[in-house]
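A.B. asks: next input, structure requested:
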Amino acid sequence: MGTPVNLDTVLDRLYTALSSADVETWVSLHSDDVVFNVNGSTPVSGRTRGANTILTELLPLLFSRLEPGMAQIGINWKVMCADDRRVTVIFQGRARTLEGKDYNNRYIQILEFDDEQKICEVWEFFDTALAENVLFAPGQTAPDSTTAFEY
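C.D. replies: Got it, this is the predicted structure:
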């Protein structure tokens, strides 16, 4: 099976949910044992396994630092390439931190789909220097459940 036949619809739902903080829809598009591999040395970098772990440990590190209702992560997405199991998407995010600093970043995600057409693994790349300087508080660290980034 691999990538969904209606890939543009799935991706539109994914990035619309991400940009509007629709957690329920966002989660529904991922397998329960999804793995996120985030590049860099930020508090969200590394390999995190499981939708519940991502929801309870990883996402709060990101969104708790942003001004509520202001974040639009997942806008202006574009498919760069796709094959029978994976798709590479570039997109943007606009947000403001609780301290009033702009956090406008660009991302690349490689999404892998399982046989149920759910996202089962993600590799994410972004401007980690911007994230470290603007988004994260000094001393923030990755959750204990996060391990090293893997290809």
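A.B. asks: tell me the secondary structure at the residue nearest the centre of the chain.
C.D. replies: Central residue of the chain (C-alpha atoms, centre = their mean): residue 124, 6.7 Å from the mean position. Of the three states, residue 124 takes strand under DSSP: H, G, I helix; E, B strand; the rest coil.
A.B. asks: please look at it and residue 40 and confirm they touch.
C.D. replies: No. Taking contacts as C-beta atoms under 8 Å, residue 124 lies outside contact range of residue 40: 9.3 Å. To be clear about C-beta, it is placed using only N, CA and C from the backbone, and glycine gets the same treatment.
A.B. asks: circling back to that earlier point, confidence score at the residue nearest to the centre of the chain?
C.D. replies: As predicted, residue 124 sits at a pLDDT of 98.
A.B. asks: OK, contacts around it?
C.D. replies: 36-39, 107-110 (C-beta atoms under 8 Å, 6 or more residues apart in numbering).
A.B. asks: return the member of those nearest to residue 12.
C.D. replies: residue 109 (14.3 Å; C-beta to C-beta).
A.B. asks: run through the bridge partners of that closest one.
C.D. replies: For residue 109, the beta-bridge partners under DSSP bridges are residue 89, residue 124.
A.B. asks: neighbours of it, how many?
C.D. replies: Residue 109: 22 surrounding residues under other C-beta atoms under 10 Å.
A.B. asks: I'd guessed it sits against residue 119; true?
C.D. replies: No. Assessed by C-beta under 8 Å, residue 109 is found out of contact with residue 119, at 9.3 Å.
A.B. asks: pretty sure residue 16 contacts residue 26?
C.D. replies: No. Counting by C-beta under 8 Å, residue 16 does not reach residue 26; the two are 9.2 Å apart.
A.B. asks: the two - which one has more neighbours?
C.D. replies: residue 26 (23 against 15).
A.B. asks: quick check: buried residues in the helix or strand hosting the more buried one?
C.D. replies: Residue 26 belongs to helix 23-28 when assigned by DSSP states H and E. By neighbour count on 16 or more other C-beta atoms under 10 Å, the buried set for helix 23-28 is residue 26.
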